[in-house]
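> structure for this input, please:
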Amino acid sequence: IAERADAVLAALKAKDMAALAGYVDPEKGLRFSPYTFVNDTDLVFGADELAALPGSTDLHEWGTFDGSGEPIQLTYDDYDARFIYSLDFQTFEDVGYNRVLKTGNTINNTAEFYPGSIIVEYHFPGSPTDYSGMDWQSLRLVFQETGGVWYLVGVVHDGWTI
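This is a model prediction of the structure:
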């Protein structure tokens, strides 16, 4: 799963949606969750819909902001910058496989929402000098097996809420 997860991470970084689509479950699609509490209402896109997202000016409602409860109405590119590839996760060495590396005050229901999944967490521990590590962030890639293939079904962001 490490190779698949690293390839997905590279595709997300490059916004290579054609490559990303090859890893997405063809029936379940790909759910984007802005916070670690995954909801049925989080947006799901089919593999064939991903190519249209980068560069689009269409606003989507991705959920609600933690704390304020205001709707997260962003283009894909703005959502990506804040809730997907908010940091260069390829440069950090902390990677967990079905192991949570950091938690905040939001309930993490990812494993329960995706039973039988493999969750790969790429983690930035935060800056010990600037914010005493409170600026930590994680990007979790969720894979579920269908027909002997581990497909990407979820992209979950977690971190300190500003």
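
> I'd guessed residue 138 sits against residue 123; true?
Yes. Here residue 138 lies in contact with residue 123, judged by Cβ atoms under 8 Å, at a distance of 4.6 Å. Where you see a C-beta, it was placed from the backbone N, CA and C, and this is true even at glycine.

> who's more crowded, those two?
residue 138 (25 against 22; other Cβ atoms under 10 Å).

> so which strand or helix has that one?
strand 137-146 (DSSP states H and E).

> dump whatever helix or strand comes next after that strand to CSV, keeping only the CA atoms.
Once the chain leaves strand 137-146, the next helix or strand it forms, by DSSP H and E, is strand 149-159. The C-alpha trace of strand 149-159 is given here as CSV (Å, rounded to 0.1, in the frame of the first residue of the first chain):
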residue,chain,number,x,y,z
VAL,A,149,-7.4,-4.1,-5.6
TRP,A,150,-6.8,-1.4,-3.0
TYR,A,151,-8.6,1.7,-4.2
LEU,A,152,-8.5,5.2,-2.9
VAL,A,153,-11.9,6.1,-1.4
GLY,A,154,-11.1,9.0,0.9
VAL,A,155,-8.9,12.0,1.3
VAL,A,156,-9.1,13.3,4.9
HIS,A,157,-7.4,16.4,6.3
ASP,A,158,-6.7,16.9,10.0
GLY,A,159,-4.9,19.5,11.9
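
> elements contacting strand 149-159?
Contacts defined by 3 or more Cβ pairs under 8 Å, 6 or more residues apart in numbering; DSSP states H and E place strand 149-159 against helix 2-14, strand 30-33, helix 110-113, strand 137-146.

> deepest-packed of those, please.
Greatest average neighbour count among those goes to strand 30-33 (a mean of 23), per mean count of other Cβ atoms under 10 Å.

> show me what it is packed up against.
Using 3+ Cβ pairs under 8 Å, 6+ apart: strand 30-33 touches strand 44-45, strand 149-159.

> that one pairs with which strands, and in what direction?
Note on strand 30-33: by DSSP bridges, its sheet partners are strand 44-45 (antiparallel), strand 149-159 (parallel).
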